[in-house]
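>>> No letters, just coordinates:
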């Protein structure tokens, strides 16, 4: 995702990682900055002088991070996910005024034969 966003947009791409190896990998791919998803991303963004983001893309564990997404995304922001969580109450994003959510379910095997 980092490579696509950097190549196709002029956005600041913020990655999340918790290990030194994955942090270094994301930095090599062009993520700037990289924040730790095991700590409060919204607080780390604020500490870095970023008061909110326009786009959030979640690739895994979306339901675990929804509260932080809500704190981090700006009004009228865009939220996309591909992980197909068992449950995800995106109505909590209503407080962000006219947000857009897009979900894509990716399944490794055919659902029908």
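Received it, and whenever you're ready, just let me know what you need. The model shown is predicted, which means the values in this text are computed figures rather than measured ones.
>>> Secondary structure element holding residue 51?
Assigned by DSSP states H and E, residue 51 belongs to no helix or strand.
>>> quick one, longest strand in the protein?
In the chain, assigned by DSSP state E, the strand with the most residues is strand 73-81.
>>> Neighbouring strands - and their directions - for it?
Strand 73-81 has these partner strands in its sheet, going by DSSP bridges: strand 53-58 (parallel), strand 100-103 (parallel).
>>> which one of the ones you listed has the lowest average pLDDT?
The weakest mean pLDDT among the strands paired with strand 73-81 belongs to strand 100-103, with a mean of 64.
>>> remind me which residues of the protein are low pLDDT?
Scanning the chain for pLDDT under 70 picks out the ranges 93-113.
>>> try 80 this time
Within the chain, the set of residues satisfying pLDDT under 80 comprises 84-86, 88-113.
>>> Show the residue spans covered by the helices in it.
Secondary structure of the chain by DSSP state H: the helices cover 2-8, 20-29, 41-47, 62-72.
>>> and the ones you listed as JSON lines, adding distance to residue 82 and mean neighbour count?
Heads up, the C-betas are built off the backbone N, CA and C, glycines and all. Shown next, in JSON lines, are those (distance: least, CB to CB, whole Å; neighbours: other CB atoms under 10 Å):
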{"stretch": "helix 2-8", "distance to residue 82": "13", "mean neighbour count": "13"}
{"stretch": "helix 20-29", "distance to residue 82": "18", "mean neighbour count": "13"}
{"stretch": "helix 41-47", "distance to residue 82": "18", "mean neighbour count": "16"}
{"stretch": "helix 62-72", "distance to residue 82": "9", "mean neighbour count": "18"}
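>>> Of all those helices, which one comes closest to residue 80?
Nearest to residue 80, of all the helices of the chain, is helix 62-72, at 9.7 Å by CB to CB.
>>> Show me what the closest one is packed against.
Packed against helix 62-72, as judged by 3 or more CB pairs under 8 Å, 6 or more residues apart in numbering; DSSP states H and E, are the following elements: helix 41-47, strand 53-58.
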